[in-house]
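Enquirer: have a look at this fold, sequence not included:
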């Protein structure tokens, strides 16, 4: 292996100003607590209620699980490093962090597409689901997450300072002691293009949904516009920074640390509020699961189709 000369990396973090670092510690600690307290109750509520029988809520429980895993690959290290004088990470931990971040990031893309398709199916009655989410699309998502394993065989002979708060592909490529131009092109062709194509497909699906709403009642149109509008906000918040990070060439990325905060911390924090907690069925299920001792009787929870919460 070509990495025997490098056993650890030094993360430069978000800032070298101590006051900024303390502010980051407080801010990202609160963000991480919000992510856990927003997503874990949703996950337990869906698995512990009749909502688990509906595909839409299966998607949302998966989204909550992936958000927790995705953020947990980055947030604990980011938070603890904010107060550390020397931010180090071992070679193996760095490679593991990079792999799992890409794996869960690719899984989040898949779930966001599935959620968008559910709304598309509920409103527009399109063709069967498998015609859109084919095996080829699933394979592409897997490839987007495992291509980073190629970096583990690159030689790292110094320097070992990563200009980032976590181990990511481009900052690591800058430290490799070999020509990485072909690998950069491969990353752009996988992660970059997949992000662009998925983003475009999601935007088109919501445009079709909005055009279909012209035939609906004014009340249904208003609720659907409100729901779809918030979903589009999350899509933009997740995919645009992802595209700006992975589409440019490695040497042209200057704000990748700021961009990556949006899809690793900000979007997972807002996903529970936008996708789930505004839903009436979810609120009822949470009251039943978490406040069971306050409810009278054992009457079954009546769950309406998710589309009803969008259009009714």
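Expert: Done, it's in. Computed from a prediction, not measured in an experiment: that's the story for all the values here.

Enquirer: and the most centrally placed residue in the chain, what pLDDT?
Expert: Ranked by distance to the mean C-alpha position of the chain (CA atoms, centre = their mean), the top residue is residue 108 at 4.6 Å. Per-residue pLDDT puts residue 108 at 85.

Enquirer: same thing with residue 269?
Expert: Model confidence at residue 269, given as pLDDT, is 90.

Enquirer: thinking it is in contact with residue 34, fair?
Expert: Yes. Judged on CB atoms under 8 Å, residue 269 makes contact with residue 34 at a distance of 5.2 Å. For glycine as for every other residue, the C-beta is placed from the backbone atoms N, C-alpha and C.

Enquirer: so which of those two has more stuff around it?
Expert: Taking neighbours as other CB atoms under 10 Å, residue 269 and residue 34 compare with residue 269 leading, 19 against 16.

Enquirer: can you pull the contacts of the more buried one?
Expert: 31, 34-35, 38 (CB atoms under 8 Å, 6 or more residues apart in numbering).

Enquirer: pipe those into TSV and attach distance to residue 69, secondary structure and pLDDT per row.
Expert: Converted to TSV, those look like this (distance: CB to CB, whole Å; DSSP: H, G, I helix; E, B strand; the rest coil; pLDDT from 0 to 100):
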residue	distance to residue 69	secondary structure	pLDDT
31	16	helix	94
34	16	helix	93
35	11	helix	94
38	14	helix	89
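
Enquirer: distance to residue 64 added to the residues you listed, as a markdown table?
Expert: Shown next, in a markdown table, are these (distance: CB to CB, whole Å):
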| residue | distance to residue 64 |
| --- | --- |
| 31 | 16 |
| 34 | 13 |
| 35 | 10 |
| 38 | 8 |
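
Enquirer: so the residue nearest to the centre of the chain sits right up against residue 69, yeah?
Expert: No. Residue 108 is not in contact with residue 69 according to CB under 8 Å; the separation is 9.3 Å.

Enquirer: give me the next element, helix or strand, following the helix or strand hosting residue 44.
Expert: Secondary structure from DSSP states H and E places residue 44 in helix 18-47. Downstream of helix 18-47, the next assigned helix or strand under DSSP H and E is helix 55-72.

Enquirer: just how off-centre is that next one within its chain?
Expert: 9 Å (CA atoms, centre = their mean, to the nearest Å).

Enquirer: on that earlier part again, what sits against the residue nearest to the centre of the chain?
Expert: With CB under 8 Å, 6+ apart, residue 108 has these contacts: 63, 66-67, 70, 238.

Enquirer: of those residues, just say which sits nearest to residue 163.
Expert: Taking CB to CB as the measure, residue 163 sits nearest to residue 70 out of the contacts of residue 108, at 21.9 Å.

Enquirer: could you check how many residues crowd around the closest one?
Expert: Using other CB under 10 Å, residue 70 has 25 neighbouring residues.

Enquirer: ditto for residue 182
Expert: 8.

Enquirer: so where do the strands sit in this protein?
Expert: Using DSSP state E, the strands of the chain run over 8-11, 88-90, 161-162.

Enquirer: as TSV, the ones you listed with distance to residue 178 would be great.
Expert: Below are the strands of the chain laid out as TSV (distance: least, CB to CB, whole Å):
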stretch	distance to residue 178
strand 8-11	17
strand 88-90	21
strand 161-162	17
